[in-house]
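Novice: what follows is a protein structure lacking sequence information:
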C-alpha cells in the first residue's frame, strides 16, 4: 500500500516540531526518541521510518536550514554597492532566526557555525572574484574573518532582549566593513 505524500510530510513535520520543542529546552544528549514520539503522538516505529536517531533529526534540520540559506540566487546577493552582501545575508539569517538563535546559541551544535561558513564561503567567493578579487590566500583568510565576525555579531544580536533593527545592524556592519574595526573603535 502506497503512503499518502501529504500525510507522510505532515508526520515528519510533526516529529521535527516535537524534536525542536524539546531541543529548545534541553541539550540533544538529554532528548529521547520516546519523548519526541510521545510529544508528536506517534510510536517509535514511525520515528524510525524517518530518522535513525535523535542526532539524525538535528542533522536533517541543519541540512534543510543550510539549503534554505543557499537558495538566494547569487545575482540577488551580488551588487556593486555592496560587494560583501551584508544586507542580503543579515536578512536571510533574520528570516531563519527561530532556528539560528538556538543552533548558534550556547546549547546549540558547536559544528553548525562551521557548516554555515563552509556552505556560504564558495557563494560569496564567487561574487567577489566576479567583481575583481584575486583568488589567493588573502581572500580565503579575509572571507573566514568576515564570515566568523558576521556570524558572531548575528549570534550576539539574536541573544539580545532588545536588539537594534536589521537596518541599524546592517548599517553598523557596513561601516565596520568599509572603514575598519579599529577606526570605529578609536572614533567612539
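Specialist: Yep, that arrived. Please read these numbers as outputs of a predicted model, since none were measured by experiment. Numbers count the residues shown, from 1 in each chain.
Novice: can we go C-alpha only for contacts and neighbour counts from here?
Specialist: Noted.
Novice: all the helices of the protein, residue numbers only.
Specialist: 5-25, 33-40, 44-50, 54-70, 74-77, 86-95, 97-103, 112-130, 137-159, 166-179, 181-186 (DSSP state H).
Novice: which other helices and strands contact the fourth one?
Specialist: Packed against helix 54-70 by the contact rule (3 or more Cα pairs under 8 Å, 6 or more residues apart in numbering; DSSP states H and E) you find helix 5-25, helix 112-130.
Novice: elements contacting the last one?
Specialist: Applying 3+ Cα pairs under 8 Å, 6+ apart, we find helix 112-130 packed against helix 54-70, helix 74-77, helix 137-159.
Novice: make a markdown table out of those helices and add mean neighbour count.
Specialist: Below are these laid out as a markdown table (neighbours: other Cα atoms under 10 Å):
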| stretch | mean neighbour count |
| --- | --- |
| helix 54-70 | 15 |
| helix 74-77 | 12 |
| helix 137-159 | 15 |
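Novice: lowest mean pLDDT across those helices, which one is that?
Specialist: For the helices and strands packed on helix 112-130, mean pLDDT drops lowest on helix 74-77, to a mean of 51.
Novice: one step back: any chance of JSON lines for the helices and strands packed on helix 54-70, columns mean pLDDT and distance to residue 86?
Specialist: Listed next are those as JSON lines, based on pLDDT from 0 to 100; distance: least, Cα to Cα, whole Å:
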{"stretch": "helix 5-25", "mean pLDDT": "92", "distance to residue 86": "28"}
{"stretch": "helix 112-130", "mean pLDDT": "87", "distance to residue 86": "10"}
